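S.K.: could you look at this predicted model? Sequence included:
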Amino acid sequence: MLNTYYTVKQQGMDEITIQKSRFIGYVKRVETEEEAQEFIQEIKKKHYNATHNCSAYMIGENDHIQKANDDGEPSGTAGVPILEVLKKKGLKDTAVVITRYFGGIKLGAGGLIRAYGSTTSQAIKTTGIVKRQLMQGISVKVEYTLLGKLENELRQSTEFILDDIRYLENVEFIVFVKQGEESQLLSWITDITNDQAIIELRDTKYMEIDVEDTAS
């Protein structure tokens, strides 16, 4: 499993008009080729009367599944530009469909490449990008007298993520820390609680952090 990677939020869309043609960009996070194909067919069904529904997707830890489809546009002017945006932004497990309604003005090969690339970038920006970080879950159990202090310290921390608080016989905090930095969290908790905490490792999972989309 990758320690970190970038992908899109679950789903989104945006639209731009270029020389009277409507370009509607749909973006979705997908984990299998089957999911990508289902998404593409869903958009094609929704826009059955569109001039084109061009698509591309990139799936897998090592981007081993990469597909692009021009759907009737001149070869290399639609699907490949969509895919190139995904590569440039370093996005994994992402599918994009660009629906075009022709407006009567031909754009030429260069114009089409720019149009499909720009629509893809805009739709991804609107959808949002996240960094998925594989983190170690840790259970921290303390007496209720330490609840306020520990909760306050965890919420102010920029290194550790407070995922849940469970109010049981003792209060249990579920905290996540980057893999390899567990000892730092353990020392930190021990200091704050004066060694009055019961600490146990839990499962690892991906936590998502919003990131700013700076690449065009």
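M.R.: Here it is on my side, so go on. Numbers count the residues shown, from 1 in each chain.

S.K.: pop the domain breakdown of this protein in here.
M.R.: Per automatic domain parsing, the structural domains of the chain span 4-127, 131-211.

S.K.: other residues contacting the helix or strand where residue 153 lies?
M.R.: Assigning secondary structure by DSSP states H and E places residue 153 in helix 147-156. Defining contact as Cβ atoms under 8 Å, 6 or more residues apart in numbering, one finds that helix 147-156 is touched by 140, 142, 160, 162, 165, 171, 173, 175, 189, 192-193, 197. For every residue, glycine as well, the C-beta is placed using N, CA and C.

S.K.: same list (these) but as JSON lines, adding secondary structure, pLDDT and distance to residue 181.
M.R.: Rendered in JSON lines, the data for the contacts of helix 147-156 read as follows (DSSP: H, G, I helix; E, B strand; the rest coil; pLDDT from 0 to 100; distance: Cβ to Cβ, whole Å):
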{"residue": "140", "secondary structure": "strand", "pLDDT": "96", "distance to residue 181": "15"}
{"residue": "142", "secondary structure": "strand", "pLDDT": "96", "distance to residue 181": "21"}
{"residue": "160", "secondary structure": "coil", "pLDDT": "91", "distance to residue 181": "9"}
{"residue": "162", "secondary structure": "strand", "pLDDT": "93", "distance to residue 181": "15"}
{"residue": "165", "secondary structure": "strand", "pLDDT": "96", "distance to residue 181": "21"}
{"residue": "171", "secondary structure": "strand", "pLDDT": "97", "distance to residue 181": "23"}
{"residue": "173", "secondary structure": "strand", "pLDDT": "97", "distance to residue 181": "17"}
{"residue": "175", "secondary structure": "strand", "pLDDT": "95", "distance to residue 181": "12"}
{"residue": "189", "secondary structure": "helix", "pLDDT": "94", "distance to residue 181": "13"}
{"residue": "192", "secondary structure": "helix", "pLDDT": "92", "distance to residue 181": "16"}
{"residue": "193", "secondary structure": "coil", "pLDDT": "94", "distance to residue 181": "18"}
{"residue": "197", "secondary structure": "coil", "pLDDT": "95", "distance to residue 181": "17"}
